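Novice: dropping a prediction and its sequence here:
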Amino acid sequence: AAARHDAVATVGKVRVMPNGVNAIPSSVAAWLDARAPSEEAVRATVADVRAAAWEAAGRDRVEVALSEESYTEVVDFHAELRDRLAKALGDPPVLPTGAGHDAGILSAHLPTAMLFVRNPTGVSHAPAEHAELADCLAGVEALADVLDELVCR
């Protein structure tokens, strides 16, 4: 569903009751996290997953209940701050992010931007996420340069 709508999605949290190795579960709760550059793509992804769940429930004669726990709109960070930081760092690529970091929450109250450390896999918040020591050190240097730009200039 996510691939069809240019989104990403995962089920990273599951609660199984009674959660025994040799027991058939009486209930399973799963949390879907779907992200995309547009609300329409997120909603379409979730709708497809919902339809598939209902189809499977009917076929397998089980009950399914779905609810939206939360929805967060895409965060547009402070453009002037982003551009200032990019200039201070030699104009590196400006990347979009669907990440719900603290910076996203803070951005509603004060100018906010994020710095990313290069990750050869391109995967985040997953076992495949990895950064080389040299890239981590470059990230520390970039942060120091940004702080120097913001505090000293």
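Specialist: Okay, I see it. Numbering: from 1, shown residues only.
Novice: which positions within the helix or strand of the chain with the lowest mean pLDDT qualify as buried?
Specialist: Taking mean pLDDT, DSSP states H and E as the measure, the chain has helix 102-106 as its least confident helix or strand, at a mean of 86. Using 16 or more other CB atoms under 10 Å as the burial criterion, the residues of helix 102-106 that qualify are Gly104. Just so you know, the C-beta spots here come from the backbone N, C-alpha and C atoms, and that holds for glycine as well.
Novice: which residues of the protein fall in helices?
Specialist: 39-60, 79-88, 102-106, 133-152 (DSSP state H).
Novice: could I get those helices as CSV with distance to Arg118?
Specialist: CSV is the format used below for those (distance: least, CB to CB, whole Å):
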stretch, distance to Arg118
helix 39-60, 26
helix 79-88, 15
helix 102-106, 18
helix 133-152, 4
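Novice: weakest of the ones you listed in terms of mean pLDDT?
Specialist: Among those, helix 102-106 carries the lowest mean pLDDT, at a mean of 86.
Novice: on that earlier part again, nearest to Ser67, out of the helices of the chain?
Specialist: Shortest separation from Ser67 across these is recorded for helix 39-60, at 10.4 Å, computed as CB to CB.
Novice: how many other residues sit next to the closest residue to Val64 other than its chain neighbours?
Specialist: Distances taken as CB to CB, 6 or more residues apart in numbering place Ala57 nearest to Val64, at 4.0 Å, with adjacent residues excluded. By other CB atoms under 10 Å, 14 other residues sit near Ala57.
Novice: go on, the one 5 residues further on?
Specialist: Neighbourhood size, Val62 [other CB under 10 Å]: 11.
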